[in-house]
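Visitor: show me the folded form of this:
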Amino acid sequence: MSTKQTLSFQAEVAQLLHLVTHSLYSNQEIFLRELISNASDACDKLRFEGLNNSALFEDAPNLEVRVSFDKAAKTLTITDNGIGMSQHEAIDHLGTIAKSGTKDFMGKLSGDQKADAQLIGQFGVGFYSGFIVADKITVESRRAGLKAEEGVRWISGGTGDFEVETITRAQRGTSIILHLRDDAEEYLNAWKLKQVIAKYSDHISLPILMEKEEWKDGELINPNDENGGRQPGGMVKTGEWETINKASALRTRPKKDITEEQYAEFYKTISHDHEAPLTWAHNRVEGNTEYTQLLYIPAKAPFDLWNRDKKAGVKLYVKRVFIMDDAEALMPTYLRFVKGVIDSADLPLNVSRELLQESRDVRAIREGSTKRVLSMLEDLAKHDKHDTAANADGVTDVVDADDKAKEGKYTAFYSEFGAVLKEGLGEDFGNRERLAKLLRFASTTSDAVTVGFADYKARMKEGQEAIYYITADTLAAAKNSPQLEVFKKKGIEVLLMTDRVDEWALNYLHEFDGTPLQSVAKGAVDLGKLQDEAEKKAAEEAAEAFKPVLAKLKEALKDKAEDVRVTTRLVDSPACLVVQDDGMSTQLARMLKQAGQQAPESKPVLEVNAEHALVKKLDGSVHFHDLAHILFDQALLAEGGLPEDPAAYVKRVNALLA
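Guide: Have a look, this model is predicted:
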C-alpha cells in the first residue's frame, strides 16, 4: 500500500540548500563528481555487506553506475545497483546531515566561492550539490534484501520540505533524477558528460556506463524525391550501453600491469603536453601518512615557466576522489615543472587550500614527493654519461637497456629546467646538499653545461683550496673576462655561471663538500699554495713602487671606485673591477636595476696591472685624468657593464687617438 508524506528538512539542511541554489559553488560540474562518488560508495557498501550475506546481490552480482539523460524531459539520471535505501534511511540520510557535522561545515564557509566549492565533498553534503544544476531532484531507491514493493521515492525542490512515498521498484539500488534548470542544459549532452566523467571520475573502479549514440540522417522532406533534401539529422541512442571510464585509475594499478605507453598517454592527458615525459616515478608510500604518487618530469619547459605567480602543482585526489588541479602546497615552487597525481588516504575530503598549508600530513607528502623528484633527477644524472671502459682482460662493461635509455637525459633536463632547480638553494634548506650535487655549469675547460661541483673537485690542482667561479651575462663574457687571466696562466679551472639566478642562488651556497666557493671577481685573489714565494714577493714590490700612482688614481676616480690597488689576477689586461668579499657583485646590481628594483649603492674596486704598457704610461702623463677614467670604463665594459657617461668615454678615447 502506497503511503505519501511531506516532511520538513532539518534547519541546517534548509540553510545549506539556500546557499547551493543561490549558486554558491562556482565550479558547477562538481555535482556529477559527487553523485557518481556517492553511487560508487553505495556499491562498496553492498560489496562489504555481501561478504556475510550473498543473497543481497539478488540476481545482479555485477556492480555498476549508469548515467543517462532525456533531452525532452530535461532530466539527467545517475543510477547505481548498490546497497540502496529503505524509506526510513531515505528520510534519515536525505533529510538530515546529522552524521556530517553540519555546524562545522557551515562554520567553515567563507563566502569565497572557489574555497567553498572544495567543502562540498564533506560526507553527507555531496548529494545536495545536485541542486547546483537542478530545480527538483527525484530519488528512487530500494534497499538490497527488501521486497520490490518496499521501494521509496523522495522528491524535493530544494526549499523547506520534501515528499516521501512508497513505490514498487524491481531493481536494487538508487536512481537520482535531476530535473535540470535552463542554465544547465549543457549536461543533456553525451560529449559534455563524458568529458566531466573523464576529468573527475575516471578513477572509479566500477564501470560507469552510458548509452551508445550514433548519427542518423533526418527523414526525407519529400518521401518520393531523394534529392529534395532531408530534415536535420542527429545523434540517436542505440539501446546498447558502453563503459566510458577505465574503471581503474592508472595510479591504483600495479606498476607491472602498466605499459610505458600508458604512462606516457596519462601524462599527456593531465599536462596537455604533446611530447612524452622525460621520466616518471609511481609509488605507494605507507607509514604515518599513506598516499600514492605518480610524478612526471616533462621533456620541455612550458613558456610560462618563469611566471612564479602562475598556479602550478600536482593534481590532488583524496581517497580516489578528485579535489583540485594545482595543489601547489604538495610541491615546492622550484619544482613547479613537475606534473602528476597524488592520492592521499589520510586527508579529509573537504580539504581546502588553506587547510593544505597547515596540515601535518600535507607537509609529509610534500617532503616525500620532493625527495622522490630529487631521487629521479639523481638517477638521471648518474646515468647521463657512460664510459665503456675495457679492463685488463679486454672485457668491456655491459650497459643494460634501461641505463642506455637514460643516457643524455639529465643534460636534456638541465638545459630546460636547470635554472629553476637553482632556486631550491634558497628555498629548500633541508635538501641543499642534494641540490648542489645536481647543479651543472660550463667551465674554462668545457663550454658544455655539464660540469658538476664533484667533477670540479675531482680535478682540482694539488694545493688548491677553493672552487673558483665567475658570474656573467653570457658565456662569451665569462670566458673572456680579465679576472680569469691568472687562472688560465696557472691552468686552474674556473666555473662559468651565466644564468640570471646564479648570483642570487650562490648567496645560499658557500661551500661544497667542505671546499669553499670563491668568486674570482670578489676580494683579493689568494691562490694560497698555488702562488710561489717569488710571485708574492714581486707583487709586493710592484705595489710598493706603484704607491704614488695609486694615490693619484684614487683621487681621480674617488667618485667611481672605492679603492684602487695593484692586481695579482691580471696577465694581459690593464685593469679590472672587483668587489669586496661581502659586497654585491656589479652584475647583480645591474640585474636589480634592470628589474626596476633598488640596488644598494656600492662602488667597485679598480685593480690595475702594474706591468701593462697602458698603466706604465700613466706615470707622468699629461692625460692622467682622462687615462684613469678610460681605464675604469674599459674595465666596466669588459665585464658587460656600460660607462655612466658613454659620450664622455668616447670623447676621451678620441682625444687620445687624435
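
Visitor: any idea how far residue 536 is from the spatially closest residue to residue 566 that is not a sequence neighbour?
Guide: Nearest non-adjacent residue to residue 566, counting by C-beta to C-beta, 6 or more residues apart in numbering: residue 543, 4.2 Å away. All C-beta spots, glycine's among them, are computed from the backbone N, C-alpha and C. Using C-beta to C-beta, to the nearest Å, residue 543 is found at 11 Å from residue 536.

Visitor: give the contact list for the residue nearest to residue 566.
Guide: 550, 565, 566, 610 (C-beta atoms under 8 Å, 6 or more residues apart in numbering).

Visitor: ok, so of the residues you listed, who is nearest residue 332?
Guide: residue 565 (43.0 Å; C-beta to C-beta).

Visitor: for the closest one, what are its contacts?
Guide: Per C-beta under 8 Å, 6+ apart, neighbours of residue 565: 524, 543, 550, 605, 606, 607, 608.

Visitor: now with 7 Å?
Guide: 550, 605, 607 (C-beta atoms under 7 Å, 6 or more residues apart in numbering).

Visitor: now, which of the residues you listed lie within strands?
Guide: 605, 607 (DSSP state E).

Visitor: make a markdown table out of the contacts of residue 565 and add pLDDT, distance to residue 447 and neighbour count.
Guide: Output for those, formatted as a markdown table (pLDDT from 0 to 100; distance: C-beta to C-beta, whole Å; neighbours: other C-beta atoms under 10 Å):
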| residue | pLDDT | distance to residue 447 | neighbour count |
| --- | --- | --- | --- |
| 550 | 88 | 37 | 17 |
| 605 | 87 | 29 | 19 |
| 607 | 87 | 27 | 25 |
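
Visitor: so which helix or strand of this protein has the lowest pLDDT on average?
Guide: Using mean pLDDT, DSSP states H and E, helix 113-119 stands out as the lowest-scoring helix or strand of the chain, at a mean of 43.

Visitor: and the helix or strand following it, what's its mean pLDDT?
Guide: Moving toward the C-terminus from helix 113-119, the next helix or strand (DSSP states H and E) is strand 134-142. Averaged across strand 134-142, pLDDT comes to 95.

Visitor: counting by contacts, list what strand 134-142 packs against.
Guide: With contacts defined as 3 or more C-beta pairs under 7 Å, 6 or more residues apart in numbering; DSSP states H and E, strand 134-142 has these neighbours: helix 87-95, strand 151-156, strand 173-180.

Visitor: in the first one, what counts as buried?
Guide: To tie it back to what came earlier, the one meant is helix 87-95. 87, 90, 91, 93, 94, 95 (16 or more other C-beta atoms under 10 Å).

Visitor: can you check the last one too?
Guide: Neighbour counts using 16+ other C-beta under 10 Å place 173, 174, 175, 176, 177, 178, 179, 180 of strand 173-180 among the buried residues.

Visitor: starting at the chain centroid, how far to that strand?
Guide: Centre-to-centre, strand 173-180 and its host chain are 38 Å apart (C-alpha atoms, centre = their mean, to the nearest Å).

Visitor: who touches that strand?
Guide: 35, 42, 74-82, 84-85, 130, 133-141, 187-188.

Visitor: now with 6 Å?
Guide: 35, 74-82, 84, 130, 133-134, 136-141 (C-beta atoms under 6 Å, 6 or more residues apart in numbering).

Visitor: I'd like the next helix or strand past that strand.
Guide: Using DSSP H and E, the helix or strand that follows strand 173-180 in sequence is helix 190-200.

Visitor: mind giving me the packing neighbours of the helix or strand harbouring residue 555?
Guide: Under the criterion of DSSP H and E, residue 555 resides in helix 547-556. Packing partners of helix 547-556 (3 or more C-beta pairs under 6 Å, 6 or more residues apart in numbering; DSSP states H and E): strand 563-566, helix 624-638.

Visitor: redo the ones you listed as CSV? Include distance to residue 270 and mean pLDDT.
Guide: Below are the helices and strands packed on helix 547-556 laid out as CSV (distance: least, C-beta to C-beta, whole Å; pLDDT from 0 to 100):
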stretch, distance to residue 270, mean pLDDT
strand 563-566, 57, 86
helix 624-638, 49, 89
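
Visitor: mind putting the ones you listed in TSV, distance to residue 247 included?
Guide: Output for those, formatted as TSV (distance: least, C-beta to C-beta, whole Å):
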stretch	distance to residue 247
strand 563-566	74
helix 624-638	66
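
Visitor: which stretch among the ones you listed comes nearest residue 512?
Guide: Comparing the helices and strands packed on helix 547-556 by C-beta to C-beta, helix 624-638 comes nearest, at 28.1 Å.

Visitor: and after that closest one, which helix or strand comes next?
Guide: Per DSSP H and E, the first helix or strand lying C-terminal to helix 624-638 is helix 646-657.

Visitor: go through that next one and flag the buried ones.
Guide: Judged by neighbour count (16+ other C-beta under 10 Å), helix 646-657 contains these buried residues: 649, 652.

Visitor: for that helix, list the C-alpha coordinates in PDB.
Guide: Below are the C-alpha coordinates for helix 646-657, written out as PDB (Å, rounded to 0.1, in the frame of the first residue of the first chain):
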ATOM      1  CA  PRO A 646      79.200  56.900 -22.700                       C
ATOM      2  CA  ALA A 647      79.600  60.100 -24.600                       C
ATOM      3  CA  ALA A 648      82.400  61.300 -22.300                       C
ATOM      4  CA  TYR A 649      84.100  58.000 -22.600                       C
ATOM      5  CA  VAL A 650      84.100  58.200 -26.500                       C
ATOM      6  CA  LYS A 651      85.300  61.800 -26.300                       C
ATOM      7  CA  ARG A 652      88.300  60.900 -24.100                       C
ATOM      8  CA  VAL A 653      89.300  57.900 -26.300                       C
ATOM      9  CA  ASN A 654      89.000  60.100 -29.500                       C
ATOM     10  CA  ALA A 655      91.200  62.800 -27.900                       C
ATOM     11  CA  LEU A 656      93.900  60.300 -27.200                       C
ATOM     12  CA  LEU A 657      93.700  58.700 -30.600                       C
END
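
Visitor: go ahead and name everything in contact with it.
Guide: Contacts of helix 646-657 (C-beta under 6 Å, 6+ apart): 626, 630, 633, 643.

Visitor: which one of these has the most neighbours?
Guide: Within the contacts of helix 646-657, neighbour counts (other C-beta atoms under 10 Å) peak at residue 633, which reaches 23 neighbours.

Visitor: with adjacent residues omitted, what lies nearest to that residue?
Guide: Nearest to residue 633 is residue 643, by C-beta to C-beta, 6+ apart, at 4.1 Å.

Visitor: distance of that neighbour from residue 564?
Guide: Separation of residue 643 from residue 564 (C-beta to C-beta): 17 Å.

Visitor: same check, this time on residue 406
Guide: Distance, residue 406 to residue 564, using C-beta to C-beta: 53 Å.

Visitor: between those two, who's got more neighbours?
Guide: Legend: neighbour count by other C-beta under 10 Å for residue 406 and residue 564, higher for residue 564 (25 against 18).

Visitor: just checking, that one touches residue 554?
Guide: Yes - counting by C-beta atoms under 6 Å, residue 564 touches residue 554, with 4.9 Å between them.

Visitor: picking up where we left off before, turn the helices and strands packed on strand 134-142 into a markdown table, including mean pLDDT.
Guide: Below are those laid out as a markdown table (pLDDT from 0 to 100):
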| stretch | mean pLDDT |
| --- | --- |
| helix 87-95 | 86 |
| strand 151-156 | 95 |
| strand 173-180 | 97 |
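
Visitor: re the thing from before, I'd like the contacts of helix 646-657 written out as JSON lines, with distance to residue 252 added.
Guide: Output for these, formatted as JSON lines (distance: C-beta to C-beta, whole Å):
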{"residue": "626", "distance to residue 252": "77"}
{"residue": "630", "distance to residue 252": "71"}
{"residue": "633", "distance to residue 252": "66"}
{"residue": "643", "distance to residue 252": "65"}
